[in-house]
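[1] Let me see the structure of the following:
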Amino acid sequence: MFVIHDTIGFVRCFGFGLDGKNVDTACDDIMSFRDTPPKTDPNHPLRTNKTNRIQVDSRPATTPRSDGPFFRGQSRLDEREYGSVFMVFWLITSVLAIGAFALLALALWRGHEGARPAAEFDLKVYSDQLAEVERDKERGVIEPDDSERLMTEISRRILAADTAMQMVQSDQRSSPMLSYGAMAVLALVLVGGSLYLYRDLGAAGYGDLALSTRIKQAQIARDTRPNQETAEASLPAPTVNPETPAAYVELVEKLRVAVDQRPDDLQGATLLATHEMRLGNASRAAKAHSQILRLKRSDATAEDFATYADMLVIAAGGYVSPQAEGALAAALQKDPKNGVARYYSGLMMMQVGRPDIAFRAWANLLQDSPDDEAWVDPIRDQIEELAFRAGVEYELPERKQAELAGPSAEDMENTAEMSDEDRQEMIAGMVAQLSDRLAAEGGSPEEWARLISALGVLGDADQAALIWQNAKDVFADRPDALATVRDAARRLGITQ
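    Below you'll find the predicted structure:
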């Protein structure tokens, strides 16, 4: 699983020879390859790093593709249904777009027709005034000289207003063209913009996706998805790393024969599963691990089932098959807090089209997990997108401060009351414990930095330099983590 223990150093070699060798010789041969680096495949969703910690890759196989071999989500309509739905959809869309355009165009055209120049109103007022002066002249209300003066002034204003109106009308002759242009732009925005948005947001050829429909389709996808054998058959056959020693490969092949001859040997199956994973043969490793589960029966732990599921997922290229789902369920039944099983259960829900359930599973797992767990970084990389797909507003939490093991500042202060010999012995013991744990299980970058600092206190700069070199390999693909360790190495002057 995420941490596969090196069982060779802890499990006694099983009681039979290989190729006629005695037990001790056979065990020595296998033990000589205990440090052989495991084969890694960058295309697998899980990869093994320098500390034998199998980590989830950040992207592959988490989002089912519509053209992938295991996509069983919303299916396209058949040709007849597609044609009918397509015609009705675009007919309704066209009517709505044309209707909206017609209403806006009509309002635009009416606004153009209802416009009247101010000079036209002035001309009407002046004409009324001129008629009033003529009536007053006929009735003798005003003197002839005054009437002539008033009529001359009003006539001058009428001529000026008429000239102004003619100029305005000349300027407005192009208004219909501007209106036509505005209508054309409006039509382009409404129709063209709708098509553009639909191209990015829509899915031509698919039926309505109501929530109840999507839930039913997700269940169908889960019930009808391919089994483990089909998934493995769709992938290229695994190959052995060319750098793997030929003698090691030969010994593993002999180990396979020996385990086949003794199917009830638990230690043999454990060794075989471990070394098959080291060779990159996840499918063979899963087969060997299934024997472990068979032999342990009710004594099988949650870790055993989670390890088996992990191997199945790797063998299927990141796909969580029904067989892997069964192993995950067994692991969670024995330990509901098992991180590996919870991670893969969320991944499976993503693959069958239930991002809502996957989000809840991963959000809870992220909240419960320290930052140095292997699944934390992949979850942090993808959970925001997953929340969007689940329709949830989510803010990625800050990283937690890891609880560091090893000598703390308080421990170092307490040593002041000890003799130099006792102090050095205590510090050396704590440093040795931290070093052994990091070598066996790996750890956070803060713990690596603390180990380097502690070795500096002990005056063992050479060992600190070796730890720094090892840290560069372990955190080669995590620059932020490596920077934390580099700071501690820089303080000791061993970064060269």
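
[2] When you work out contacts or count neighbours from here on, use the C-alpha atoms and nothing else.
    Noted.

[3] Residue 475 versus the residue positioned nearest the centre of the chain, what's the distance?
    What sits nearest the mean C-alpha location of the chain, by CA atoms, centre = their mean, is residue 382, with 2.4 Å. Counting by CA to CA, to the nearest Å, the gap between residue 382 and residue 475 amounts to 21 Å.

[4] ditto for residue 299
    Per CA to CA, residue 299 is found 36 Å from residue 475.

[5] Among these two, which residue is more densely surrounded?
    A count of neighbours by other CA atoms under 10 Å puts residue 475 above the other of residue 299 and residue 475, at 19 against 10.

[6] Who are the contact partners of the more buried one?
    481-482 (CA atoms under 8 Å, 6 or more residues apart in numbering).

[7] same deal with residue 363?
    residue 383.

[8] wait, is residue 276 part of a helix?
    Yes. Looking at residue 276 with DSSP: H, G, I helix; E, B strand; the rest coil, it is inside a helix.

[9] hang on, isn't it packed against residue 284?
    Yes. Using CA atoms under 8 Å, residue 276 makes contact with residue 284 at a distance of 6.3 Å.

[10] more crowded one of these two?
    Per other CA under 10 Å, whichever of residue 276 and residue 284 has more neighbours is residue 276, with 24 against 20.

[11] Can you give me the pLDDT of the more buried one?
    On pLDDT, residue 276 comes in at 94.

[12] who touches stretch 89-97?
    Stretch 89-97 has contacts (CA under 8 Å, 6+ apart) with 190-191.

[13] What residues of that stretch count as buried?
    For stretch 89-97, the neighbour count (16 or more other CA atoms under 10 Å) marks no residue as buried.

[14] How many residues are close by residue 283?
    The burial count for residue 283: 23, using other CA under 10 Å.

[15] before we move on, what about residue 238?
    13.

[16] Kindly report the same for residue 242.
    Residue 242 sits with 8 neighbouring residues when counted by other CA under 10 Å.

[17] And for the one 5 residues further on?
    Using other CA under 10 Å as the criterion, residue 247 is surrounded by 12 other residues.

[18] The chain - how does it break down into domains?
    7-67+218-390, 79-208, 409-492 (automatic domain parsing).

[19] Strands along the chain, start to end?
    Remark: strands assigned in the chain by DSSP state E are 46-48, 54-56.

[20] average pLDDT across the first one?
    Per-region confidence: strand 46-48 scores 36 on mean pLDDT.

[21] Show me the shaky parts of the chain.
    The chain contains residues with pLDDT under 70 at 1-86, 110-117, 119, 168-179, 204-208, 400-418, 423, 496.

[22] ok so, going back, residue 397 is nearest to which of the domains of the chain?
    Residue 397 sits nearest to domain 7-67+218-390 of all the domains of the chain, at 8.6 Å, using CA to CA.

[23] what about the closest one, distance to the chain center?
    The chain centroid and the centroid of domain 7-67+218-390 are separated by 21 Å, computed with CA atoms, centre = their mean, to the nearest Å.

[24] got it, and stretch 202-219?
    That offset, for stretch 202-219, works out to 22 Å (CA atoms, centre = their mean).

[25] Please apply the same query to stretch 477-490.
    Offset of stretch 477-490 from its chain centre (CA atoms, centre = their mean): 25 Å.

[26] Return the set of buried residues in it.
    481-482, 484-486, 488-489.

[27] got these as JSON lines, with distance to residue 421 columns?
    Converted to JSON lines, these look like this (distance: CA to CA, whole Å):
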{"residue": "481", "distance to residue 421": "35"}
{"residue": "482", "distance to residue 421": "34"}
{"residue": "484", "distance to residue 421": "31"}
{"residue": "485", "distance to residue 421": "29"}
{"residue": "486", "distance to residue 421": "30"}
{"residue": "488", "distance to residue 421": "26"}
{"residue": "489", "distance to residue 421": "26"}
